[in-house]
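> here is my input, please return the structure:
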Amino acid sequence: MAAVVFVHGTGVREPGFTALVGRVTAGLAAQRDGLRVVPYNWAAAHGATLAAGGASLPPRAGTTRGLGEGPAGPDPSDETTAAWAVLYADPYAELALAAAGSGPAVERPPGSVPPQQRVRAQLTALAAQGDAPGAELGPGLARAAADLAAHPLLGPAADALDPADLAVLAARSLAARLIAGALDADSPLVPVGETRDAVTDRIAEALGAPARGTERGLRSYLLRTAGAVASRAVERRRRVLTEAAHPAAGDILRYLSRGEAFREGLRTLVDDLEPPVAVIGHSLGGIIALDTLISAPLPQVGLLVTAGSQGPFLYESGSLPSLEHPAPLPSHVPAWLNLYDPRDLLGYLGAGLFPGRVTDVAVDSGQPFPAAHSAYWTNPAVYRHIVDHLP
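Prediction:
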């Protein structure tokens, strides 16, 4: 009976591990009878844990307690931060909320200037000043102002708001677009919130808003609404994100610093199996499998399968523990099938690095990242490709 050793990825713990192994077992069985799935639960023995109960963790985000103090209420700034996160993702989000409440169009008195015409003229004048008024937030203010002046949301939003509120919303939209541009460019220099707010105030005044007072700013109704929605979503996800991110990041760091124990555990498991054996590794599990097979021959293993693997990237960047670029893949490493989802930003290609030794195969889950990185084992195409390559 052929044995398939399954090596899980980062952050997997019970009960998720048992569910994952069950799904992999069922997926392979649907393609071929008689396969024996042997899971390698490296996390149980070697995975990252907070040995001191989390003493190294800062206070929970969104609270105002200090070190050694009891829990306090939510920090009001957390809502503001969450609201800006909405705008970084979509700088027009707040204008869209305003436009949605604009109501039906009404006939205007003869000779009156439509509100959108006034703000379009102000935005055009701002664009003519170049990028200087927003330089602290990065380049692009002139282009952003010109784009906003022509944006179809501006008219309905102008109908729904008084000119001062519209100026503030437009300024926040422009500031968010500049910072989003810095984030998209992976800039290592993103301005702090105090600078962002000061520039936003300056732009708002250029667009006709009065000098900032106690009633104005980020606590406006629309942004408060968007912020509350985002803040509640973050609050609901904070615990699961923290608990998931800690072992995932910790597992990677622990493997890179103390990986021999991970590899020795896999070697011991494979040594007890009769050939033919295939080793399947997901994410960090693929790195563990690859490093183990590079480090020493395991004659029982006739196929290595990696899915969503960073192994090729670590090799090319000089970070793979067992092999440094440009050293070739040792001859004792078995045939290597590397499955990747084109939308999985953690999946890399190996054929260009090891010509003739790696078969890269794309499998599309239809999911965006990061969901794509966890969707391999519910994709029937993954199992078809694995079974087609089994020894």
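
> V361 - that's part of a strand, no?
Yes - counting by DSSP: H, G, I helix; E, B strand; the rest coil, V361 is part of a strand.

> what residues does it make contact with?
Contact analysis of V361 by C-beta atoms under 8 Å, 6 or more residues apart in numbering lists L337, N338, L339, Y340, H385. (C-beta placed from N, C-alpha, C; glycine too.)

> now, among those residues, which is nearest to P368?
Y340 (15.0 Å; C-beta to C-beta).

> what separation do you get for the closest residue to the closest one other than its chain neighbours and A98?
Spatial nearest neighbour of Y340, chain neighbours left out: G347 (3.5 Å); criterion: C-beta to C-beta, 6 or more residues apart in numbering. Distance, G347 to A98, using C-beta to C-beta, to the nearest Å: 40 Å.

> test my guess that G140 contacts A176.
No - in this structure, G140 is not within contact of A176 by C-beta atoms under 8 Å, at 11.6 Å.

> what about these two, which has more around it?
A direct count of neighbours by other C-beta atoms under 10 Å for G140 and A176 places A176 higher, at 26 against 17.

> re earlier: what's the distance between the residue nearest to Y340 and A372?
On the measure of C-beta to C-beta, G347 and A372 end up 8 Å apart.

> now do Q117
Distance from Q117 to A372, by C-beta to C-beta: 45 Å.

> looking at these two, which has the bigger crowd around it?
Counted by other C-beta under 10 Å, Q117 and A372 do not tie: A372 has more neighbours, with 23 against 12.

> return the set of buried residues in stretch 378-391.
Using 16 or more other C-beta atoms under 10 Å as the test for burial, stretch 378-391 gives N379, V382, Y383, H385, I386, V387, H389, L390.

> next step: the residues you listed restricted to helices.
Using DSSP state H, V382, Y383, H385, I386, V387, H389 are the members of the buried residues of stretch 378-391 that sit in helices.

> pLDDT for these - can I get that in a markdown table?
Listed next are these as a markdown table, based on pLDDT from 0 to 100:
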| residue | pLDDT |
| --- | --- |
| V382 | 96 |
| Y383 | 96 |
| H385 | 97 |
| I386 | 97 |
| V387 | 97 |
| H389 | 96 |
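
> where in this structure is pLDDT low?
For the chain, the stretches with pLDDT under 70 are 1, 54, 57-79, 101-115, 212-248.

> what about the helices in it?
16-29, 42-46, 76-89, 93-100, 115-128, 141-149, 154-160, 163-184, 193-206, 221-271, 284-295, 311-316, 380-389.

> nearest to G352, out of those?
That would be helix 311-316 among these, by C-beta to C-beta, at 8.3 Å.

> for the closest one, packing partners?
The contact analysis (3 or more C-beta pairs under 8 Å, 6 or more residues apart in numbering; DSSP states H and E) places helix 311-316 against helix 284-295.

> what number of residues lie near the closest residue to E324 other than its chain neighbours?
Nearest residue to E324 in three dimensions, chain neighbours excluded: G318, at 5.8 Å (C-beta to C-beta, 6+ apart). Other residues lying near G318 total 10 when counted by other C-beta under 10 Å.

> wait, G318 sits on P326?
No - between G318 and P326 there is no contact under C-beta under 8 Å: 9.8 Å.

> got phi/psi on the residue nearest to E324?
Backbone torsions of G318, given as degrees, to the nearest 10, read phi 80, psi 20.

> related to what we said a few turns ago, residue contacts, the residue nearest to Y340?
Here G347 is in contact with A307, G308, S309, Q310, L339, Y340, D341, H373 (C-beta under 8 Å, 6+ apart).

> cool, and L273?
A3, V5, V38, Q300.

> most surrounded residue in the residues you listed?
That'd be V5 among those, by other C-beta under 10 Å, with 23 neighbours.

> can you name the residues that contact that residue?
Counting by C-beta under 8 Å, 6+ apart, V5 touches V38, P39, Y40, L266, L269, V270, L273, V277, A278, V279, I280, A289.

> just the closest of the residues you listed to D90, please.
Once C-beta to C-beta is applied, the member of those that ends up nearest D90 is I280, at 39.1 Å.

> what sits against the closest residue in space to that closest one that isn't next to it in sequence?
Nearest residue to I280 in three dimensions, chain neighbours excluded: V305, at 4.3 Å (C-beta to C-beta, 6+ apart). Listed by C-beta under 8 Å, 6+ apart, the contact set of V305 reads A278, V279, I280, G281, W336, L337, N338, L339, I386, H389.

> go on, P391?
A2, P275, P276, A278, G302, L303, A335.

> derive a PyMOL selection command for the buried subset of those.
Listed next is the PyMOL selection for buried residues among the contacts of P391, using 16+ other C-beta under 10 Å:
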select buried, resi 2+276+278+302+303
